[in-house]
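[1] Next one to model:
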Amino acid sequence: MTKFGASWVKNSSLAFIGLIKKARAIVVGDALMTAIRAQKVFLVIISSGASPRTHKQLADKCTFYRIPVMMADVTTGIFHLGDKTVAALGITQRSMASHLIDEEMREAYAKETGSKSQQ
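    All right, here's what the predicted structure looks like:
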């Protein structure tokens, strides 16, 4: 995986994403692309149900601005906001985005070495 390549959100991170939503530290919809251009987003999570065009546009824009991208299954529920479902969301707080990225890296390392993740 490259530094800015897409990886899948782990199940252990889903609860933390729920906290991020509660803190209103996310941006969705048309505002997401604007926030990426303004570099006010520190991590983008794209739904597995997003159209190929949407996925490519977001991934290309995030690669250009060096913003990490993660993928998540649409059935996890993190993309349901009230009565609508979004294709992607961006995290606007650096510390929360860093926590998710660090957790993903820890789990990848543990999987690679065959040991349990230390917390």
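
[2] what pLDDT does the nearest residue to V86 once chain neighbours are set aside get?
    Leaving aside its sequence neighbours, V86 sits nearest to V28 (Cβ to Cβ, 6 or more residues apart in numbering; 4.4 Å). In short, each C-beta sits where N, CA and C put it, glycine included. On pLDDT, V28 comes in at 92.

[3] Can you name the residues that contact V28?
    For V28, the contacting residues are 81, 86, 88-90, by Cβ atoms under 8 Å, 6 or more residues apart in numbering.

[4] are any of the residues you listed buried, and which?
    Buried members of those, counted by 16 or more other Cβ atoms under 10 Å: 86, 88-90.

[5] Now distance to D102 and pLDDT too, for these, in a markdown table please.
    Listed next are these as a markdown table, based on distance: Cβ to Cβ, whole Å; pLDDT from 0 to 100:
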| residue | distance to D102 | pLDDT |
| --- | --- | --- |
| V86 | 25 | 88 |
| A88 | 21 | 93 |
| L89 | 19 | 92 |
| G90 | 18 | 95 |
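
[6] about what we covered before: pop out the phi and psi values for the residue nearest to V86.
    For V28, the backbone dihedrals (degrees, to the nearest 10) come out as phi -140, psi 170.

[7] Please report how far it lies from T34.
    11 Å (Cβ to Cβ, to the nearest Å).

[8] picking up where we left off before, go through the contacts of V28 and flag which are in strands.
    Within the contacts of V28, residues falling in strands by DSSP state E are 81, 88-90.

[9] hang on, the earlier thing: of the buried ones among the contacts of V28, just say which sits nearest to D60.
    Set against D60, the nearest of the buried ones among the contacts of V28 by Cβ to Cβ is A88 (12.9 Å).

[10] In contact with that closest one, which residues?
    Taking Cβ under 8 Å, 6+ apart as the test, what A88 contacts is 28, 32, 44-47, 50, 54, 58, 79.
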